[in-house]
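1. okay, predicted coordinates and the sequence, questions at the end:
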Amino acid sequence: MVAEMLHNGDSSLIIPKMQARDCGVFYGENNALRGINLDIPPRQVTALIGPSGCGKSTFLRCLNRMNDTIEGCRVVGSLTLDGADIYDKNVDVVQLRARVGMVFQKPNPFPKSIYDNVAYGPRIHGLAKDKDELDQIVINSLEKAGLLKEVKDRMDSPGNGLSGGQQQRLCIARAIAVSPEVILMDEPCSALDPIATAKIEELIDELRDNYTIIIVTHSMQQAARVSQYTAFFHLGDLVEVDDTEKIFTNPSDERTQGYITGRFG
Ligand SMILES: Nc1ncnc2c1ncn2[C@@H]1O[C@H](COP(=O)(O)OP(=O)(O)OP(=O)(O)O)[C@@H](O)[C@H]1O
């Protein structure tokens, strides 16, 4: 299947990295998301915003089939990566999650050394032919995650001995180590202080040169700072999606206006 084109801000056409078409999610009888149509532009940051319980995390988890792990959860409609259906029965979910990596709300390093945390994915996927190559992947990933300087002399120390912000950057390095194309971030800064948050935001801005990023955030300031594209969800519907600047200055829907001006949420 060939992906449909997406209009860029300057009216040129770009091919979306991921697309949702009439996507819905049920938890048992509860229809948590309905009729979602969303194009995710490549190598940009897309923010998912909206009041608590509107379905942001549910939608994010559809994008690498993390919902498969939730009993009673059913996804309907179509979701594609580079035009190919990610819910096709022939899709290898482990490979899909290598292409579409995830960073969670609470930093969750494995109870292993800093080195082994980052080397874990490349080992499982057989990405390095020898120790030198693995070392190189670990070093490059830590460098890209902006953590190398801080940890290069203690690669054998436990990952969970780092500060919260460092742990989150370690988790980003771990995600990067398997060369993903898309990185999903579910409120990656909610457990961090303002300084650690600023570092992660800077990092997100750098990462978009090479990766397509989709971030769920409760902070509208954060969405405005880090994203180029913003989708506003409300009560299981995707109300509006547009350039971030437009969403925050001149949204089309009054529900979006109400949310960004703090009238509800
Ligand atoms: N594992 C689950 N089992 C059953 N229902 C769930 C589950 N996860 C989410 N839901 C329901 O789906 C709806 C959307 O939840 P979701 O967590 O996706 O919203 P959200 O916008 O990310 O919320 P928040 O901002 O509070 O994290 C809610 O009604 C929630 O109760």
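-> Cool, the structure landed.
2. convert the C-alpha atoms of stretch 236-247 to PDB, please.
-> C-alpha atoms of stretch 236-247 as PDB (Å, rounded to 0.1, in the frame of the first residue of the first chain):
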ATOM      1  CA  GLY A 236     -11.800   9.600  22.700                       C
ATOM      2  CA  ASP A 237     -12.000  11.800  19.600                       C
ATOM      3  CA  LEU A 238      -9.200  13.500  17.700                       C
ATOM      4  CA  VAL A 239     -10.700  17.000  17.600                       C
ATOM      5  CA  GLU A 240      -8.000  18.900  15.600                       C
ATOM      6  CA  VAL A 241      -4.500  18.400  14.200                       C
ATOM      7  CA  ASP A 242      -2.400  21.100  12.700                       C
ATOM      8  CA  ASP A 243       0.900  23.000  12.900                       C
ATOM      9  CA  THR A 244       1.700  23.600  16.500                       C
ATOM     10  CA  GLU A 245       1.800  27.300  16.000                       C
ATOM     11  CA  LYS A 246      -1.700  27.300  14.600                       C
ATOM     12  CA  ILE A 247      -3.100  25.100  17.400                       C
END
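3. show me where the stretch 151-265 of the chain has its helices.
-> Using DSSP state H, counting those that start in this stretch, the helices of the stretch 151-265 of the chain run over 164-176, 194-207, 220-226, 244-249, 254-260.
4. can you redo these as a markdown table with mean pLDDT and mean neighbour count?
-> For the C-beta atoms, the positions are set from N, CA and C on the backbone; glycine is no exception. Shown next, in a markdown table, are the helices of the stretch 151-265 of the chain (pLDDT from 0 to 100; neighbours: other C-beta atoms under 10 Å):
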| stretch | mean pLDDT | mean neighbour count |
| --- | --- | --- |
| helix 164-176 | 95 | 24 |
| helix 194-207 | 92 | 16 |
| helix 220-226 | 95 | 19 |
| helix 244-249 | 96 | 18 |
| helix 254-260 | 95 | 18 |
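5. out of those helices, which gets nearest to residue 31?
-> Closest to residue 31 of the helices of the stretch 151-265 of the chain, according to C-beta to C-beta: helix 254-260, at 18.6 Å.
6. quick one: residues contacting residue 62.
-> Counting by C-beta atoms under 8 Å, 6 or more residues apart in numbering, residue 62 touches 20, 23, 25, 33, 75, 79.
7. measure it to residue 197 for me?
-> 26 Å (C-beta to C-beta, to the nearest Å).
8. circling back: now the helices of the stretch 151-265 of the chain as CSV including distance to residue 106?
-> Below are the helices of the stretch 151-265 of the chain laid out as CSV (distance: least, C-beta to C-beta, whole Å):
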stretch, distance to residue 106
helix 164-176, 9
helix 194-207, 13
helix 220-226, 17
helix 244-249, 26
helix 254-260, 25
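9. from what I can see residue 31 touches residue 58, true?
-> No: at 10.8 Å, residue 31 does not count as touching residue 58 under the criterion of C-beta atoms under 8 Å.
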